[in-house]
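Chemist: Sequence and computational prediction follow.
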Amino acid sequence: MPAIVRSVALAAFAAALLFGDAHDEAIKLIGTVAQALSTVNVPEFMEAFDKDMPEYGKLQADVSALVNQADVGSSIEPISDEGDDVHRSMDLDWYLEVRSLIQDGPIVHRRQVIHCELRKEKRKWKIVSLKPLDFFAPAALDK
């Protein structure tokens, strides 16, 4: 009997390592999004989003315009994370520092709680909702 219990425990541990924890996978995706924004990698940023997400095109246009006008620093701190192995709902304390590309140009600081819904499809997490989207709009750097 102890051998069976040991085998089941080892199998469960191996499965956890192989498939990962839903929370950890979702956090990793959010970290990738923050890094992609900071490194001006719009395709990688958008890869995290479901193409059927409402206003997907607007988000892509806004993020492209934002990174083309400024250096962007992005950091995210999860506030809440709830859900299961298929759906996650997260509130994120998101901070952006938008530095004008013009020498001695202005710096805009943005910080807001962003609500994010994720869904896992075919072993891959995708962001299916992000609110408010105007957080990622180009900055008014001419003031």
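Modeler: Arrived safely, thanks for sending. Numbers count the residues shown, from 1 in each chain.
Chemist: Show me the shaky parts of this protein.
Modeler: Residue ranges of the chain with pLDDT under 70: 1-20, 142-143.
Chemist: what residue is smack in the middle of it?
Modeler: Ile30 (2.9 Å; CA atoms, centre = their mean).
Chemist: Please tell me how far that residue sits from Asp52.
Modeler: Noted for Ile30: a distance of 20 Å to Asp52, by CB to CB, to the nearest Å. (Each C-beta comes from the backbone N, C-alpha and C, glycine too.)
Chemist: hmm, back to that, could you double-check that the residue nearest to the centre of the chain lies in contact with Cys116?
Modeler: Yes: with contact defined as CB atoms under 8 Å, Ile30 and Cys116 form a contacting pair (7.3 Å).
Chemist: shared neighbours, those two?
Modeler: Here Ile30 and Cys116 have Met90, Leu92 as joint contacts, going by CB atoms under 8 Å, 6 or more residues apart in numbering.
Chemist: Mind jotting down where the strands sit in this protein?
Modeler: In the chain, the segments counted as strands under DSSP state E are 70-83, 87-100, 107-121, 124-131.
Chemist: Out of the ones you listed, which gets nearest to Ala140?
Modeler: strand 107-121 (7.4 Å; CB to CB).
Chemist: Show me what stretch 40-51 is in contact with.
Modeler: Against stretch 40-51 from outside (CB under 8 Å, 6+ apart): 29, 32-33, 35-37, 56, 59-60, 63-64, 67, 72, 119, 125-128, 130.
Chemist: Show me what counts as buried in that stretch.
Modeler: Val40, Val42, Phe45, Met46, Ala48, Phe49, Asp50 (16 or more other CB atoms under 10 Å).
Chemist: can you check stretch 135-143 too?
Modeler: Within stretch 135-143, the residues scored as buried using 16+ other CB under 10 Å are Phe135, Phe136, Ala137, Pro138, Ala139, Leu141.
Chemist: about what we covered before: in TSV, list the buried residues of stretch 40-51 along with distance to Arg99.
Modeler: Compiled in TSV, the buried residues of stretch 40-51 are given as follows (distance: CB to CB, whole Å):
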residue	distance to Arg99
Val40	12
Val42	17
Phe45	18
Met46	22
Ala48	23
Phe49	25
Asp50	30
